[in-house]
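*Asks:* Here is my input; please provide its structure:
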Amino acid sequence: MSRIQKISSYLLVVFNILIVMIPLFLTVQWIFIAFKTTDVSNVIDFFGMLEKTIQTPEGYVNLSNVSWTPLLKLLGFSADLIGALPFLISLFFLKKLFVHYRDGEIFTKRNAILYRKLGVFYLIDALFIKSFSQTLMILAVTMTNPPGSRYLSISFGTPNLSSLFYGVLVIIVSWVMLEASKLHDEHKFTI
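*Replies:* Below you'll find the model as predicted:
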């Protein structure tokens with residue numbers, strides 16, 4: 001049990017670092033998105049950090065090759081942030097879960113509810129958020145194209161299916177955890 005508590009404490013530190021670093025990384029990436037990777041050395045580029053490509057209906061587009069206006073840059077940043085939001089929110093759920101683990105509460109109804117919320121959130125991410133984020137990003141990238149070559153594309157693909165699968169899997173784990181919490185409570189109150 002003490003090993004679970006120790007690892008939970010370490011993971012809480014990692015989750016806190018990720019909650020700060022991911023938005024910071026996205027912000028830095030979008031501040032310097034207009035830099036061509038040939039203009040900076042690999043050390044400044046952090047070996048591809050500034051290089052980002054997305055798939056549009058016309059093919060793959062390197063974001064450093066797009067002529068960004070401040071409004072389009074804001075739209076692209078918003079699309080990226082919306083895409084990262086499910087991961088950030090899931091880190092908050094995981095923080096709550098691992099605080100319970102650190103406190104020695106393993107098989108509780110609260111943990112099962114957190115697992116269920118996490119699973120439902122993965123389903124929402126798979127069905128809505130990924131598609132919306134990708135749609136906004138494609139719109140931001142193609143707005144500088146001439147009229148008739150701009151796209152508003154809604155897609156549902158493999159990343160959505162994997163999130164859908166993980167959501168269903170985590171919901172099933174929540175059911176197992178709920179049953180385990182009931183057994184744990186019965187065992188605790190049995191004399």
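*Asks:* contacts, neighbours, all on C-alpha from now
*Replies:* Will do.
*Asks:* how far away is the closest residue to Ser149 other than its chain neighbours from Ile33?
*Replies:* The shortest distance from Ser149 to any residue other than its chain neighbours is 7.2 Å, reached at Thr142 (CA to CA, 6 or more residues apart in numbering). The span separating Thr142 from Ile33 equals 15 Å under the rule CA to CA, to the nearest Å.
*Asks:* Now for Thr108: which residues touch it?
*Replies:* 177-178, 180-181, 184 (CA atoms under 8 Å, 6 or more residues apart in numbering).
*Asks:* Repeat the analysis, applying 10 Å as the threshold.
*Replies:* 100-101, 177-185 (CA atoms under 10 Å, 6 or more residues apart in numbering).
*Asks:* Quick one, which of these are buried?
*Replies:* Those of these that meet the buried threshold are 100-101, 177-181, 184, by 16 or more other CA atoms under 10 Å.
*Asks:* Okay, and which of the residues you listed map to helices?
*Replies:* When DSSP state H is applied, those are split such that 100-101, 177-181, 184 fall in helices.
*Asks:* For the protein, which segments count as helices?
*Replies:* 2-31, 42-45, 70-102, 109-124, 130-142, 158-189.
*Asks:* Among those, show the one with the smallest mean pLDDT.
*Replies:* Lowest mean pLDDT of these: helix 42-45, a mean of 48.
*Asks:* what sits against Leu11?
*Replies:* Residues in contact with Leu11 (CA under 10 Å, 6+ apart) are 5, 17, 94-95, 98-99, 102.
*Asks:* mind checking how far it is from Leu178?
*Replies:* 23 Å.
*Asks:* Kindly report the same for Leu127.
*Replies:* As defined by CA to CA, Leu127 lies at a distance of 25 Å from Leu178.
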